[in-house]
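Asker: The amino acid sequence is not available; the structure is as follows:
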């Protein structure tokens, strides 16, 4: 159940990125299916590829006092869109690195805000 809620939150965040960031668009007719598919792919990229990118760029992250994480998040977002387009034929298009960085920022903010609003039943079970 928790996975489905996180997936839904991710889909809402991806939809917000499409709405707010110029350079991120949905190609085709199945808008919500594209957003749901992209949310799943983005979650998998964030689970498996982003930690590798973080480890490989650790020196830059320390040197820039963490600001390079914006680039890592943007690369993850861009890579997820390329996987969606090229491997699965999902019509989610990101036009470059800057839209990908801004899209990752929007996804992070929306995910954070929605996670604050929705209660987490796992945290209640531990606290109670």
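Answerer: On my side now, so go ahead. Since we're looking at a predicted model, the values are computed, not measured.
Asker: the strands in the protein, which residues?
Answerer: For the chain, strands defined by DSSP state E occupy the ranges 24-26, 92-94.
Asker: Out of these, which is closest to residue 111?
Answerer: strand 24-26 (15.7 Å; Cβ to Cβ). (Each C-beta comes from the backbone N, C-alpha and C, glycine too.)
Asker: chain center to the longest helix anywhere in the chain, what's the gap?
Answerer: In the chain, with assignment by DSSP state H, the single longest helix is helix 97-117. Computed by Cα atoms, centre = their mean, to the nearest Å, the chain-centroid distance of helix 97-117 equals 7 Å.
Asker: What of stretch 7-18?
Answerer: 8 Å.
Asker: which residues are in contact with it?
Answerer: Outside stretch 7-18, the residues that touch it by Cβ atoms under 8 Å, 6 or more residues apart in numbering are 24-26, 32, 35-36, 38-40, 42-43, 92, 102-104, 106-108, 110-111, 114-115, 118.
Asker: if we can go back for a sec, mind putting the strands of the chain in CSV, distance to residue 14, mean pLDDT and mean neighbour count included?
Answerer: Below are those laid out as CSV (distance: least, Cβ to Cβ, whole Å; pLDDT from 0 to 100; neighbours: other Cβ atoms under 10 Å):
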stretch, distance to residue 14, mean pLDDT, mean neighbour count
strand 24-26, 9, 94, 19
strand 92-94, 8, 94, 24
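Asker: could you redo those strands as a markdown table and give each row distance to residue 12?
Answerer: Converted to a markdown table, the strands of the chain look like this (distance: least, Cβ to Cβ, whole Å):
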| stretch | distance to residue 12 |
| --- | --- |
| strand 24-26 | 14 |
| strand 92-94 | 15 |
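Asker: Thanks again, I'm all set now.
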